[in-house]
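Student: Below are the sequence and a predicted model; questions follow.
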Amino acid sequence: MPVGAPAARATAWVDTDALARNCRRLADRLGPRRLLCAVVKANGYGHGFELAARAALAGGARWLAVASADEALALRDAGLDARTLVMGALSERELADALRCSADVVVWELGFVERVAQVAQRLGVVARCHIKLDTGMGRLGTRSERTALACAELVATRPSLELAGAMTHFATADELDDDGYFDAQLERFTRLVAILREALGSRFVAHAANSAAVFRDPRSHFDMARCGIAIYGLDPFHEDAHARGLEPVLTLESYLACVKQLDRGESVGYGRTWRAERPTRVGIVPIGYGDGIRRALSNRGWVLVGGRRRPIVGTISMDNLAVDLGPRPEGERIGEPVVLIGGQGEERISAEEVARLLGTINYEVATALAARVRRLPLSRRAAELPPGAGSARCEHG
């Protein structure tokens with residue numbers, strides 16, 4: 001490791017205070033009578049599930065949501081006992097695991113309701129069930145209001161089951177020009193909630209809104225909102241998080257491990273996809289597609305070094321990428337932090353910007369970060385940088 005380099009090749013610094021503030025912003029928008037459920041699936045959208053969950057709860061979230069039983073178990077193993085909803089499909093083994101850790105589960109077929117009742121009875125627990133209506137997403141859930149009502153009535157007859165909620169999932173909440181599709185989904189779910197309330201009372205939690213819907217339409221808020229992308233300070237409309245009062249939580253950082261002097265025509269990386277048009281200096285950064293930096297950013301993406309934008313040059317490899325530092329030294333030093341997502345000085349590279357370069361969405365950029373990237377709270381950053389970090393001079397030649 002170069003003298004003065006950070007303690008790790010790739011670190012995702014997570015501003016847990018900002019995450020908590022984002023949750024408070026969302027909770028304020030929902031109002032005091034509605035619950036905020038923080039979605040921490042996919043390792044907290046790449047930010048680290050435990051860091052994200054603890055910060056979300058500190059910011060006022062009352063529930064947590066995950067996609068799998070294994071994720072629910074991981075929350076319990078971390079000592080997080082908040083009300084947890086497993087939103088995904090469950091095999092027999094996964095269902096038992098979810099119920100053992102007191103997670104709520106989602107149902108939409110009579111046969112599955114019966115299976116949940118059997119497993120819950122065998123385990124000696126009461127399974128809290130959420131009826132899911134597919135109002136137009138076309139994924140999990142029943143398309144039939146009649147089936148949804150039948151599932152709810154069956155839950156009510158089984159002593160090992162409890163009707164805990166009714167839910168749906170919007171397909172176009174983040175697309176304001178959707179030809180009324182969002183409104184049609186909202187109307188269908190509103191009708192189901194009214195039917196269930198009349199038939200079974202109001203003791204269950206109705207929830208439909210994701211992050212985009214929370215900002216889009218108060219009618220979608222019901223009793224609870226399931227917010228994922230916004231709690232991480234990423235814009236649910238893929239534009240500008242700051243414009244919605246959200247604070248980006250993630251800073252993805254590596255460092256300059258090596259600096260080389262290149263003459264005109266010399267290349268860097270596999271396939272020689274980039275060649276120097278003039279004498280220049282190239283910095284080697286020990287992070288690559290094995291860490292989640294997509295290869296498609298080769299010769300297109302940017303990083304921040306010393307508060308300046310520097311272009312990624314050459315083909316990104318599994319463990320390294322190169323950046324063009326320009327022909328003249330501008331104070332860059334071996335071991336100096338390199339930011340791939342986040343801010344440095346007055347400059348910022350947002351996940352939304354990276355997503356636009358890749359033709360994808362900020363969700364994928366964040367969740368693509370590999371397991372070998374350390375997730376650490378931003379409060380530990382000073383302790384992780386050794387004395388003299390960035391003090392060694394660049395190597396030329």
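Tutor: Noted; the coordinates are in hand.

Student: tell me the pLDDT at Ile361?
Tutor: pLDDT for Ile361: 97.

Student: got the contact list for the closest residue to Arg381 other than its chain neighbours?
Tutor: Nearest residue to Arg381, sequence neighbours excluded (C-beta to C-beta, 6 or more residues apart in numbering): Trp13, at 5.8 Å. C-beta coordinates here come from the backbone N, C-alpha and C atoms, glycine included. Residues near Trp13 by C-beta atoms under 8 Å, 6 or more residues apart in numbering: Leu250, Thr251, Leu252, Glu253, Gly342, Leu376, Pro377, Leu378, Arg381.

Student: do that again at 10 Å, thanks
Tutor: Applying C-beta atoms under 10 Å, 6 or more residues apart in numbering to Trp13 gives the contacts 47, 249-253, 339, 341-342, 374-381, 384.

Student: Check Arg348 too.
Tutor: Arg348 neighbours (C-beta under 10 Å, 6+ apart): His242, Pro248, Thr251, Leu304, Arg309, Val339, Ile341, Gly342.

Student: Kindly state the pLDDT recorded for the most centrally placed residue in the chain?
Tutor: Central residue of the chain (C-alpha atoms, centre = their mean): Tyr45, 2.0 Å from the mean position. On pLDDT, Tyr45 comes in at 98.

Student: Can you report phi and psi for Met167?
Tutor: phi -150, psi 160 (degrees, to the nearest 10).

Student: Can you report how many residues lie near it?
Tutor: The number of residues packed near Met167 is 26, by other C-beta atoms under 10 Å.

Student: Also Asp77?
Tutor: A count of nearby residues for Asp77, using other C-beta under 10 Å, gives 10.

Student: give me every residue that touches it.
Tutor: Glu50, Cys101.

Student: Give me the local confidence score for it.
Tutor: If you check Asp77, the pLDDT there is 97.

Student: Would you mind measuring from it to Thr273?
Tutor: Relative to Thr273, Asp77 is positioned 44 Å away (C-beta to C-beta, to the nearest Å).

Student: Look up the closest residue to Leu176, ignoring the ones flanking it.
Tutor: Per C-beta to C-beta, 6+ apart, closest to Leu176 is Arg216, 7.3 Å.

Student: For the residue nearest to the centre of the chain, what are phi and psi?
Tutor: According to degrees, to the nearest 10, Tyr45 has phi 50, psi 40.

Student: returning to that earlier point: got a quick ChimeraX command for the buried subset of the contacts of Trp13?
Tutor: Remark: buried members of the contacts of Trp13, expressed as a ChimeraX selection using 16 or more other C-beta atoms under 10 Å:
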select :47,249,250,251,252,253,339,341,342,375,376,377,378,381
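
Student: Next step: the contacts of Trp13 restricted to strands.
Tutor: Of these, the ones assigned to strands by DSSP state E are Leu250, Thr251, Leu252, Glu253, Val339, Ile341, Gly342, Arg374, Arg375, Leu376, Pro377.

Student: Quick check: the second one touching Asp15?
Tutor: Yes - with contact defined as C-beta atoms under 10 Å, Thr251 and Asp15 form a contacting pair (7.4 Å).
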